[in-house]
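**Student:** The sequence isn't on hand, but the structure is:
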C-alpha cells in the first residue's frame, strides 16, 4: 500500500527562522514528490517538486529527497507569518498523487 | 502556471437533491482530471481519475452511482453528487494535468453543505 506520512504538527517557528517539514513514503515506486501549501478553506498550491536525489532550491524554499531513506523534506528559510499554512507532501505513482495528511506550520511574529 | 477553474466555490443543497460541480482547464488541454475529497483537517482523498472520452476510474470505496463523473471534452470534467446526504458535505477539489508525469494544477475547490 502506498503511504505518505507526515507529522501533523503544528510546527511553530519564530519569524525569520528556518522551518523544516518532513515526509516519509513507504513505496519506492514513486519517482517524483511534490510539496503543496494549503491555506484554510482553500485548495492546495504547488510550491515545488523534486525527482532527483539531493537538494532543489527555489527562492526561500529547498526540497530535499533521499530515495535510500525514502525521505523528503522542505526547508523554508526566513519564515514569514504568511507562510503559516498546512503543507502537504505528495508522491506520484503512475499518474496519481498520494498525499500525506499535511503538517500545520505556524510562524510567529 | 496553468489555470484550473472550479465552479461553484460554495453550494448548499437540500438532502436528496443532486449537485453538479464543474472543473475547467482554461489554458491547456487536460487529458486527465482528478477529483478529491477533503474532510476538515484531513488530507486529500482521491475519489476518481477522469480521462477525456472514457469512463472514470474510481478509487476503492467510492460509489460510482453516487459520484458521477463526466469528462466530455479536454477542458471540462464534471462531478455530480447524486441524492446528496449530510454525510456528503465536504470540500471537493479537482485537479488537471496535460500529460502523465507532469504536475497537476488544482481548482479552487467547492465547499458542499447538505442540509
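**Tutor:** Happy to help now that I have it. Quick caveat: nothing in here was measured; it's all calculated off a predicted structure.

**Student:** When you work out contacts or count neighbours from here on, use the C-alpha atoms and nothing else.
**Tutor:** Noted.

**Student:** helix/strand/coil for the residue of chain A found nearest chain B?
**Tutor:** Closest residue of chain A to chain B, Cα to the nearest Cα: residue A:101 (4.4 Å). Taking DSSP: H, G, I helix; E, B strand; the rest coil as the rule, one finds residue A:101 in the coil state.

**Student:** Leaving out the residues flanking it, which one is nearest to it?
**Tutor:** The shortest distance from residue A:101 to any non-neighbouring residue, by Cα to Cα, 6 or more residues apart in numbering or on different chains, is to residue B:43 (4.4 Å).

**Student:** Isn't that neighbour up against residue A:103?
**Tutor:** No. In this structure, residue B:43 is not within contact of residue A:103 by Cα atoms under 8 Å, at 9.9 Å.

**Student:** hey, what's in contact with both of those two?
**Tutor:** residue A:88 (Cα atoms under 8 Å, 6 or more residues apart in numbering or on different chains).

**Student:** So for these two, which sits in the more crowded spot?
**Tutor:** residue A:103 (25 against 19; other Cα atoms under 10 Å in any protein chain shown).

**Student:** need the contact list for residue B:26.
**Tutor:** B:2, B:3, B:4, B:5, B:75.

**Student:** Can you tell me how far it is from chain A?
**Tutor:** Look at residue B:26 and chain A: by Cα to the nearest Cα, to the nearest Å, they are 17 Å apart.

**Student:** Look up the pLDDT of that residue for me, please.
**Tutor:** Per-residue confidence (pLDDT) for residue B:26: 90.

**Student:** May I have the phi/psi pair for it?
**Tutor:** According to degrees, to the nearest 10, the main-chain angles of residue B:26 amount to phi -90, psi -30.

**Student:** Ok, residue A:81 next?
**Tutor:** Main-chain torsions, residue A:81, degrees, to the nearest 10: phi -50, psi -30.

**Student:** correct me, but it touches residue A:106?
**Tutor:** Yes. If you go by Cα under 8 Å, residue A:81 and residue A:106 touch, sitting 7.3 Å apart.

**Student:** which residues does the residue nearest to residue A:101 contact?
**Tutor:** A:88, A:99, A:100, A:101, A:102.

**Student:** Which pLDDT does the model give the third one?
**Tutor:** Per-residue confidence for residue A:100 comes out at a pLDDT of 93.

**Student:** from the chain's centre, how far out does the worst-scoring helix or strand of chain A on mean pLDDT sit?
**Tutor:** Here the helix or strand of chain A ranked lowest by mean pLDDT, DSSP states H and E is strand A:96-99, holding a mean of 87. Using Cα atoms, centre = their mean, to the nearest Å, the mean C-alpha position of strand A:96-99 is found 13 Å from that of the whole chain.

**Student:** looking at the sheet around the spatially most central residue of chain B, what are its partners?
**Tutor:** Nearest residue to the geometric centre of chain B (Cα atoms, centre = their mean): residue B:35, 3.6 Å. Under the criterion DSSP bridges, residue B:35 forms beta bridges with residue B:48, residue B:94.

**Student:** Touching stretch B:56-74 from outside, list them.
**Tutor:** Under Cα under 8 Å, 6+ apart, the answer for stretch B:56-74 is B:25, B:29-31, B:46-55, B:77-83.
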